[in-house]
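J.: Mind looking at a prediction? Sequence and model below.
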There are 2 protein chains.
Amino acid sequence: MSVYQRIKHDLQQGRFAPGSTLKQTELAELYSVSRIPVRDALQRLKSEGWLIPHGKRGVAVPQFDAREVEDLYLMRMRLEPLLLKFAAERLNGEILGRARDILDRMEQTPGLSAAEIGALNREFHACLYHAAERPTLFAAVEQLHEQCERYIGYQSRSLDYQHTSQREHYAILEALQQGDVEGASRVLEQHISAAGRALVDYLNGRPE
Amino acid sequence: MSVYQRIKHDLQQGRFAPGSTLKQTELAELYSVSRIPVRDALQRLKSEGWLIPHGKRGVAVPQFDAREVEDLYLMRMRLEPLLLKFAAERLNGEILGRARDILDRMEQTPGLSAAEIGALNREFHACLYHAAERPTLFAAVEQLHEQCERYIGYQSRSLDYQHTSQREHYAILEALQQGDVEGASRVLEQHISAAGRALVDYLNGRPE
DNA sequence: CGCCTATAAAATGTATACATTTTTCAAAAG
DNA sequence: CTTTTGAAAAATGTATACATTTTATAGGCG
């Protein structure tokens, strides 16, 4: 496991206090490596939004910011339906079947951890979006998901919301199977909107 | 001037052949530094789209890809009007005045280089968008502009297009001044669409 | 003659050592 | 008592040296 992955993992676990600054030396000792791979990892994490620049030097762990979540989900609302429309032109039974398999797995496997649910969630969307064959747009959406992950790991989702989310996923698939691209896009937009609201409410309900 | 800036500058100037791979050792010698700052620069440039991963190791200079441009401008079409709407709620005479100053400078200064025009162009948009006070959305849009820059530097814009673009800029300002946010958004979307088409046509007209 | 393998060369990843910059803390001046 | 200033400490930036991995090449085998 690379230093990058380990630091990211520890950030997801909330091991580093938001607002605190990370020191290369400390991290190097913590992971028993030199500062060079730590520097590489920090820079990459910074470019991905897991860390933010701190003053003229160094990086800091970002605070949880409901306004950032709002923007991330607004952007997803604007971009993902677009991507889905491109994908719809190339979707076939095989791809739709794989997508459904992922949903079924999510439904039927009891006791999944938040991380596992998130992974399947992403796999589902990626499966559909990949079919669009739009590498640039796809990468941008992936990056947004990546940035959302920081908050999703923090939130312990209610079972209630989980259920609603799952229903929406199936609704998207149904619409796609019937060739109703517009309908699928609308559900998707709603889906993202609801997820964003849930996160924002959660953050506002538990201010730090 | 940092190594990062120098490499980026040379990429803009087309000094490195698209498709070729960049070697840390060569760059280190070229700029008379060690490989460490070169590594930092390469990683950052990779995260910004100026370079792409190459196999398991190393980075390559990306080819010019009309499909990438399409996606970049599609995303801008979806995100920038959104940002403009947020900005509109907070715009005042002072900000609009500054924006107009930038346009006037562009108009009245003869013989501006492509780079200078691009800088003013970006300054104009940033001036408006900054007022939105939406750091996350703003940063995402800035990143898209950054990625577009790679192509814009490559394209020598026709005077004709330059004139049209400038008219659209003024049209956006006019609409904002009259409180017609919807109108301004529409013009902006058209503006981006036209710019994207011009670039794509240019790239298709001169295949590599 | 083509293909596979092994060895050498080259490129990247990492550690250690040094240089430079920033921050901190304490002492002295106002 | 507050503010300023300067030196020490700490953190980051950079260079050199070494380790590991990848790639290229030459030689042998089918």
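T.: Cool, got the structure. Because the structure is a prediction, the values reported are computed rather than measured.
J.: mind checking the SS state of residue A:64?
T.: Under DSSP: H, G, I helix; E, B strand; the rest coil, the three-state class of residue A:64 is coil.
J.: Find the residue at the geometric middle of chain A.
T.: Most central in chain A under Cα atoms, centre = their mean is residue A:145, positioned 3.1 Å from the mean C-alpha point.
J.: Residue numbers of chain A in contact with DNA strand D?
T.: Counting by Cβ under 7 Å from any atom of the strand, chain A comes close to DNA strand D at A:21-25, A:35-36, A:39, A:57-58. Just so you know, the C-beta spots here come from the backbone N, C-alpha and C atoms, and that holds for glycine as well.
J.: Give me the nearest residue to residue A:168, chain neighbours excluded.
T.: With Cβ to Cβ, 6 or more residues apart in numbering or on different chains as the measure, residue A:191 is the residue that lies nearest to residue A:168, at 4.3 Å, once sequence neighbours are left out.
J.: What helix or strand is the one you found located in?
T.: Per DSSP states H and E, residue A:191 falls inside helix A:181-205.
J.: got the buried residues for stretch A:12-20?
T.: Across stretch A:12-20, burial judged by 16 or more other Cβ atoms under 10 Å in any protein chain shown covers A:12, A:16.
J.: what does it contact?
T.: Residues outside stretch A:12-20 that contact it (Cβ atoms under 8 Å, 6 or more residues apart in numbering or on different chains) are A:10, A:22, A:60-64, A:115, A:149-150, A:153-154, A:208.
J.: residues contacting the residue in chain A that DNA strand C sits nearest to?
T.: Going by Cβ to the nearest atom of the strand, DNA strand C is nearest to residue A:34 of chain A, at 3.2 Å. Under the criterion of Cβ under 8 Å, 6+ apart, the neighbours of residue A:34 are residue A:28.
J.: Which pLDDT value goes with it?
T.: The model reports residue A:34 with a pLDDT of 97.
J.: Could you measure from it over to residue B:41?
T.: According to Cβ to Cβ, to the nearest Å, residue A:34 and residue B:41 sit 20 Å apart.
J.: ditto for residue A:147
T.: Distance from residue A:147 to residue B:41, by Cβ to Cβ: 24 Å.
J.: Pick out whichever of these two has more residues nearby.
T.: residue B:41 (23 against 20; other Cβ atoms under 10 Å in any protein chain shown).
J.: what's the distance between whatever helix or strand the more buried one lives in and the middle of its chain?
T.: If you go by DSSP H and E, residue B:41 is part of helix B:35-47. Helix B:35-47 sits 21 Å away from the centroid of its parent chain (Cα atoms, centre = their mean, to the nearest Å).
J.: Strands of chain A, start to end?
T.: Using DSSP state E, the strands of chain A run over A:21-22, A:52-53, A:59-60.
J.: Compare those and give me the one nearest residue A:122.
T.: strand A:52-53 (23.4 Å; Cβ to Cβ).
J.: what's the model's confidence in the closest one, averaged?
T.: 94.
J.: tell me what it is packed against?
T.: Contacts defined by 3 or more Cβ pairs under 8 Å, 6 or more residues apart in numbering or on different chains; DSSP states H and E place strand A:52-53 against strand A:59-60.
J.: List of residues touching the strand it packs on?
T.: A:19-22, A:42, A:45-46, A:51-54.
J.: 10 Å - rerun?
T.: A:16-24, A:42-43, A:45-46, A:50-54 (Cβ atoms under 10 Å, 6 or more residues apart in numbering or on different chains).
J.: Of the residues you listed, keep whichever come out buried.
T.: By 16+ other Cβ under 10 Å, the contacts of strand A:59-60 give A:16, A:22, A:24, A:42-43, A:45-46, A:50-51, A:54 as buried.
J.: Which one of those is nearest to chain B?
T.: residue A:43 (5.8 Å; Cβ to the nearest Cβ).
J.: so what's the closest one up against?
T.: A:4, A:51, A:59, B:39-40, B:43-44, B:47.
J.: residues contacting whichever residue of chain A sits closest to DNA strand D?
T.: With Cβ to the nearest atom of the strand, the shortest gap between chain A and DNA strand D falls at residue A:24, namely 3.6 Å. Residue A:24 is in contact with A:34-36, A:38-39, A:41-42, A:58-59, counting by Cβ under 10 Å, 6+ apart.
J.: cool, and residue A:178?
T.: residue A:184.
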